[in-house]
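Visitor: Any chance you can model this:
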Amino acid sequence: MGLSRRLLNISLVMLLWLTSAVVVADPVAFQWLEAPSDELSLAEVQSASDDQWQSIAAGETLNQGFSDGTFWLKVPVPPEPVNRVLEISYPLLDIVSVHWETAGRIVETHHTGDTLPFSSRPIVHRNFVFLVPSLTEPATAWIRIRTQGSIQVPVSVTPSAAFLANEQISFGWQAMFVGIVFSLALYNLFLFAIVRHVTYLWYVLAVVATGLVQLNFNGLLFQWLWPDSPDINRFFTVPAVGVALFCAVTFSMKFLAIRHYSLWSHRLYQMFRLVALITVFYGLFGPYQSGIMLVSAMAAVITPVAWAVGLLIWRRGQVLAGFYVLAWTPLLIGHLVLAISKLGWIPRSPFTELAPQAGVAMEAVLLSFALAYRINLERQRRQAAQEHALDVQRQANLTLETRVQERTEELQEANEQLKAISLTDGLTHVANRRRFDEKLAIEWNRALRHEQPLSLVLMDIDHFKQVNDSMGHLVGDDCLVALAEVFKNEIQRSGDLIARYGGEEFAALLPSTESEGAFLVAERLRQAVARTPVYTGDDMVPVSLTISVGVATLMPDQGASSQELIRYADEALYAAKASGRNRVVVWSEDQVAPTTHA
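Guide: Numbering: from 1, shown residues only. Just a heads-up that it's a prediction; the model follows:
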């Protein structure tokens, strides 16, 4: 938790510093036109009439969403006595050709884009940066843009010194973003290796995938990892976004335990995962433009829906959902801004480009804090259980040591106490299987001598495996303890015995009890369980349980054994489960049939 808190503080300070210290590039006004399908040559563009051009004011960005057209920009650059650069600060453009014109002639031509090797760029930079060719004469940049992605062309002309200063700040943020994302991923990967809880693994995958997507959108993966293989850009972006959405949705399902709080939300998330997987394969084999449109629309839908579901789960009592909503809010804002910017619904700006990374960083830090808080809750529960067990053991040892020093009579009393502990189930504090076997043998022989009936009630919790699988074994243990308490409250007759028979099965041994009386006891137990929800703490939804019950009664004789009583009760229990559960079945020699049900 300390690491998460420190990273959160660092990221907030860094964001404030970026906001106040960034050197703003000089925006320029320019004109643009969209070429027809047969495309225009440079000479044809230069001779185009004024009514064919559209104007973009200084400070605005050409943003046409997704288009198959070719766009030409006419950017006039007045002379200034300083070195300057022209920057197109959107690295995901497929083709960028710049023709510099001074004194009525073309003096420089550059062809680059993310479909060409990184070395095609005249200045090594993640964006497209070109040196203004003249300090003393007016220059005009004729820029040709074509891309299958979003048409976003932010153009600025900046003095070289200011550009370098701005680059230091911008690259510092990128470096800090990488550090935050991958240090949190590594930290939680270690946690996964220790606690073996799959939620932490999905968190690591979601953080890494989302971080790679953001670095790809900023052109850094192309620059760092595959500068000589531009074809990878075509097959990376859409599948990477699909994988990031799949991992984020799966993590949300695991972290919030959505299935236990909202079944329709669980089904909606399953649909989101399926669509995300489809986009992964579509991005590998389908058209790039439709693929990027699909994942942009998905992000614009899934992100606010996930936030709303988190809020719903929080209102329904899931404590960790509060952390989730808090962490998801900056991510929601950042990704929503990015998605609608890619679709061309809002103008591109430094805010639309910085907001997604800032949202990812803050979300990763806050969710890491939430995971650490979850570990702390689980550790407190385990420590409480361990301390209780240690107290019991410590008391037993103290008692034993004290009695050893006293008289033989007191030593015998201590041994009896230890024997009682060995005959008690450590979790539920009712008799264990060993005590049950001893009691059954004693009562069988007594019933044989006195010619009295002996009844056995076997109880099994319905669908208990689902409770353990979906809510965890700690919740399952709480359920066993609670049911044992219900059984003890219902059966208090001297001579009767409640025992944990094994796993989720309990047994009630009823000496001198006819079949009708045993049935009444069994039905009372079944009803008591059905009307008693189990509260497991931590503001979780109470667990409603039912039991299936098998009842058998025998009059012992010399030719029978106590194992027959167990077998008959077990057959009745099996019949209760087979006929629908939550019912009592009484064994008889003629048939095994249910006598009551819910």
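Visitor: Counting neighbours, what do you get for Asn216?
Guide: Applying other Cβ atoms under 10 Å, we find 20 residues neighbouring Asn216. Yep, even glycine has a C-beta here, placed from its N, CA and C like the rest.
Visitor: got the contact list for it?
Guide: For Asn216, the contact set (Cβ atoms under 8 Å, 6 or more residues apart in numbering) comprises Phe222, Phe236, Thr237, Ala240.
Visitor: For it, report the pLDDT, please.
Guide: pLDDT, Asn216: 92.
Visitor: Which element, helix or strand, includes it?
Guide: Counting by DSSP states H and E, the element that carries Asn216 is helix 198-217.
Visitor: Give me the three-state assignment for Trp100.
Guide: Under DSSP: H, G, I helix; E, B strand; the rest coil, the three-state class of Trp100 is strand.
Visitor: Pairing partners for it in the sheet, please.
Guide: Here Trp100 sits in beta bridges with Glu108, Ala141, going by DSSP bridges.
Visitor: Show me what counts as buried in the helix holding Asn216.
Guide: By neighbour count with 16 or more other Cβ atoms under 10 Å, helix 198-217 contains the buried residues 199-217.
Visitor: same check, this time on stretch 478-489
Guide: Judged by neighbour count (16+ other Cβ under 10 Å), stretch 478-489 contains these buried residues: Asp478, Cys479, Leu480, Val481, Ala482, Leu483, Ala484, Val486, Phe487.
Visitor: and those as TSV, adding pLDDT?
Guide: TSV is the format used below for those (pLDDT from 0 to 100):
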residue	pLDDT
Asp478	90
Cys479	91
Leu480	92
Val481	92
Ala482	91
Leu483	92
Ala484	92
Val486	93
Phe487	92
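Visitor: and those residues as CSV, adding secondary structure?
Guide: Compiled in CSV, these are given as follows (three-state DSSP):
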residue, secondary structure
Asp478, helix
Cys479, helix
Leu480, helix
Val481, helix
Ala482, helix
Leu483, helix
Ala484, helix
Val486, helix
Phe487, helix
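Visitor: with those in mind, which one is nearest to Phe285?
Guide: Closest approach to Phe285 among the buried residues of stretch 478-489 (Cβ to Cβ): Cys479, at 48.3 Å.
Visitor: Which residue is the nearest non-sequential neighbour of the closest one?
Guide: Excluding the flanking residues, the one nearest Cys479 by Cβ to Cβ, 6 or more residues apart in numbering is Val534, at 5.0 Å.
Visitor: do Ala560 as well
Guide: Leu554 (6.6 Å).
Visitor: Would you confirm that that neighbour contacts Glu451?
Guide: No - under the criterion of Cβ atoms under 8 Å, Leu554 makes no contact with Glu451, lying 11.9 Å away.
Visitor: more crowded one of these two?
Guide: Leu554 (20 against 9).
Visitor: Just list whatever residues bridge to the more buried one.
Guide: With DSSP bridges as the rule, Leu554 is bridged to Leu454.
Visitor: Columns distance to Ile375, secondary structure and neighbour count on top of the contacts of Asn216, output as JSON lines?
Guide: As requested, those are arranged in JSON lines below (distance: Cβ to Cβ, whole Å; DSSP: H, G, I helix; E, B strand; the rest coil; neighbours: other Cβ atoms under 10 Å):
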{"residue": "Phe222", "distance to Ile375": "38", "secondary structure": "helix", "neighbour count": "22"}
{"residue": "Phe236", "distance to Ile375": "34", "secondary structure": "helix", "neighbour count": "19"}
{"residue": "Thr237", "distance to Ile375": "35", "secondary structure": "helix", "neighbour count": "22"}
{"residue": "Ala240", "distance to Ile375": "30", "secondary structure": "helix", "neighbour count": "22"}
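Visitor: Would you format those residues as TSV with distance to Lys439 and pLDDT included?
Guide: Converted to TSV, these look like this (distance: Cβ to Cβ, whole Å; pLDDT from 0 to 100):
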residue	distance to Lys439	pLDDT
Phe222	75	94
Phe236	69	94
Thr237	70	92
Ala240	64	95
